[in-house]
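Asks: Fold the following and give me the result.
(2 chains)
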2 protein chains.
Amino acid sequence: MAMGVKRAVVLLSGGLDSATCAAIARAEGFEIYALTMLYGQRHAVEIEAARRVAGAVGVADQVLLEIDLRRFGGSALTADIAVPKDRDEAAMTANIPITYVPARNTIFLSYALGWAEVLGTGDIFIGVNALDYSGYPDCRPEFVGAFETMANLATKGAVEGTCPVRIHAPLLHLSKSDIIRRGLELGFDYGITHSCYDPTAEGLACGACDSCRLRLRGFADVGFEDPAPYVPGAKDRP
Amino acid sequence: MAMGVKRAVVLLSGGLDSATCAAIARAEGFEIYALTMLYGQRHAVEIEAARRVAGAVGVADQVLLEIDLRRFGGSALTADIAVPKDRDEAAMTANIPITYVPARNTIFLSYALGWAEVLGTGDIFIGVNALDYSGYPDCRPEFVGAFETMANLATKGAVEGTCPVRIHAPLLHLSKSDIIRRGLELGFDYGITHSCYDPTAEGLACGACDSCRLRLRGFADVGFEDPAPYVPGAKDRP
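Replies: Coordinates of the predicted model:
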């Protein structure tokens, strides 16, 4: 490792948030080790997006790790439950969404912690966001802080003081439009990202699931057209 | 779920500690959901032991989950580094052992947390032990407590108050001989467990690795012969 190079493990799904998070980590001077988790989700097209984003950001390495959360059941993203469509914001945020995956960010951050330790770093980036989507308990600042505290007691590097763990969550308090603005400032091309929970076989975003609606509204707020591919008419919906 | 039945996820490797932990959970009245993690370890014979122990304890379900920590490298249990042999206790406890797997217990407990949530419980058992083997940072009470705190902020069930998370670590402050005594009191047959880091192809324990030495000394302290199969002469070594 060259003198002064700071390594960071970045959780990278290929979605808008994690892509922006990776771009921010790069802008902060980190050498990026992208960790992409495959967890039996239906939106496998996201993986291709994760590869494209890794290329665009210029990562030092990317690991794609397959884990099988389906064996546990319990979520629309991993089981055969219909993804909700065309919900308004009140419905999206009223309850924890059925697209919630049990302990997902805990599991993802745990793997990131393991890889970080092997890489000799304690810097981990995750693109969680508490404002736009408050239904996921593991996207809140309290969770991120508690994970960091736990992690600093968990690994050899942290306990010995050589690699204190820091969980960077630069999007935590940003709105979707703030996130998009930050990425555009960094020159990031969102056309290569993918956010839809229920894409077509060709990889076109549906425009109707919660993730698409939040994304489209974010771009509308910024006054910039989302460059990602959607099914015809999806971008013109109210 | 029948009225009054308490479910618990128990991390079960097939080794002596986790088997005792499962027997204790059962004795406390829990219905056991055994989670056995396969992580590219060389001692795959342990998996057969985990199945035998699950049968002996009488679990409600057992999930064997394969995860690939080899992609991260960094440990004798997952990479091609020689397992240390015939070390005395001072050497074993002087440093964090090279058999340490980065973030292992963090990753295992995270999966247990996800399964527990789906099962509608917050009770998780792990057979970590701080006394006999102080080299692993993620076997200490501080770690277990911090994980529990984090977990109570991570899941829907914990946050909504229906499934507060409790990480049970009943072996935490027991010596190896205390653990063995407790299991024997419960009528547990240690002959079906497997602890060796470096078994023969036939599944015989080497008697020389740190794990075998701690185990054999524990049985010697109790004054009970270890019923598990070892290579010839291993049980008679000093």
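Asks: What mean pLDDT does stretch A:113-131 get?
Replies: Stretch A:113-131 shows a mean pLDDT of 93.
Asks: so what's the closest residue to A:Thr200 other than its chain neighbours up against?
Replies: Sequence neighbours aside, A:Val231 is the residue nearest to A:Thr200 in space, at 6.2 Å (criterion: C-beta to C-beta, 6 or more residues apart in numbering or on different chains). (Each C-beta comes from the backbone N, C-alpha and C, glycine too.) Contacts for A:Val231 (C-beta atoms under 8 Å, 6 or more residues apart in numbering or on different chains) come out as A:200, A:204-207.
Asks: Now A:Val231, what are its backbone angles?
Replies: Phi and psi for A:Val231, reported as degrees, to the nearest 10, are phi -60, psi 150.
Asks: next helix or strand past the lowest-mean-pLDDT helix or strand in chain A?
Replies: Using mean pLDDT, DSSP states H and E, helix A:89-94 stands out as the lowest-scoring helix or strand of chain A, at a mean of 61. As assigned by DSSP states H and E, the chain's next helix or strand after helix A:89-94 is helix A:104-119.
Asks: which residues sit against the helix or strand following that following helix?
Replies: Counting by DSSP H and E, the element after helix A:104-119 in chain order, helix or strand, is strand A:123-125. The contact list for strand A:123-125, computed with C-beta under 8 Å, 6+ apart, reads A:6-11, A:21-22, A:24-25, A:30, A:109, A:112-113, A:116, A:165-170.
Asks: Got a quick ChimeraX command for the buried subset of these?
Replies: Buried residues among the contacts of strand A:123-125 (16 or more other C-beta atoms under 10 Å in any protein chain shown), as a ChimeraX selection:
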select /A:7,8,9,10,11,21,22,24,25,30,109,112,113,116,165,166,167,168,169,170
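Asks: if you look at the contacts of strand A:123-125, which of them are in helices?
Replies: A:21-22, A:24-25, A:109, A:112-113, A:116 (DSSP state H).
Asks: Would you mind putting these into TSV with distance to A:Ala50 alongside?
Replies: Shown next, in TSV, are these (distance: C-beta to C-beta, whole Å):
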residue	distance to A:Ala50
A:Cys21	12
A:Ala22	10
A:Ile24	17
A:Ala25	15
A:Leu109	17
A:Ala112	14
A:Leu113	20
A:Ala116	18
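Asks: filter the residues you listed down to the ones near chain B?
Replies: Applying C-beta under 8 Å from any C-beta of the partner chain to the ones in helices among the contacts of strand A:123-125, one finds that A:109, A:113 fall near chain B.
Asks: quick one, the top strand by length along chain A and helix A:104-119 angle?
Replies: For chain A, the longest strand by residue count, based on DSSP state E, is strand A:30-38. Taking axes from the mean of the first three to the mean of the last three C-alpha atoms, to 10 degrees, strand A:30-38 and helix A:104-119 form an angle of 130 degrees between their directions.
Asks: So strand A:30-38, near chain B or not?
Replies: No - using C-beta under 8 Å from any C-beta, strand A:30-38 stays clear of chain B, coming no nearer than 9.5 Å.
Asks: Need the contact partners of that strand.
Replies: Residues contacting strand A:30-38 (C-beta under 8 Å, 6+ apart): A:5-14, A:22, A:25-26, A:44, A:47, A:50-51, A:53-54, A:57-67, A:107-108, A:111-112, A:115-116, A:119, A:123, A:125.
Asks: OK, contacts around A:Pro137?
Replies: By C-beta under 8 Å, 6+ apart, the neighbours of A:Pro137 are A:96, A:143, B:153-156, B:158-159.
Asks: will you turn these into CSV that also has distance to A:Gly183 and neighbour count?
Replies: Converted to CSV, the contacts of A:Pro137 look like this (distance: C-beta to C-beta, whole Å; neighbours: other C-beta atoms under 10 Å in any protein chain shown):
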residue, distance to A:Gly183, neighbour count
A:Ile96, 27, 16
A:Phe143, 24, 26
B:Leu153, 28, 20
B:Ala154, 27, 31
B:Thr155, 30, 28
B:Lys156, 30, 20
B:Ala158, 33, 22
B:Val159, 30, 19
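Asks: Stretch A:157-171 near chain B at all?
Replies: Yes - against chain B, stretch A:157-171 shows contacts by C-beta under 8 Å from any C-beta at A:158-160.
Asks: how far away is the residue nearest to A:Thr200 from A:Cys209?
Replies: With distances taken as C-beta to C-beta, to the nearest Å, A:Val231 is found 11 Å from A:Cys209.
Asks: related to what we said a few turns ago, and the two most separated of the ones in helices among the contacts of strand A:123-125?
Replies: A:Ile24 and A:Leu113 (19.9 Å; C-beta to C-beta).
Asks: Look up how far B:Val53 lies from A:Ala19.
Replies: From A:Ala19 across to B:Val53, the span is 44 Å (C-beta to C-beta).
Asks: err, A:Leu174, not the other one
Replies: As judged by C-beta to C-beta, A:Leu174 and B:Val53 stand 48 Å apart.
Asks: tally of neighbours for A:Pro227?
Replies: Neighbourhood size, A:Pro227 [other C-beta atoms under 10 Å in any protein chain shown]: 11.
Asks: Who has more neighbours out of A:Leu174 and B:Val53?
Replies: The residue with more neighbours, out of A:Leu174 and B:Val53, is B:Val53; 31 against 20, by other C-beta under 10 Å.
Asks: Let me know the secondary structure of that one.
Replies: Assigned with DSSP: H, G, I helix; E, B strand; the rest coil, B:Val53 falls in the helix class.
Asks: wouldn't it be in contact with B:Leu12 here?
Replies: Yes - counting by C-beta atoms under 8 Å, B:Leu12 is a contact partner of B:Val53 at 6.1 Å.
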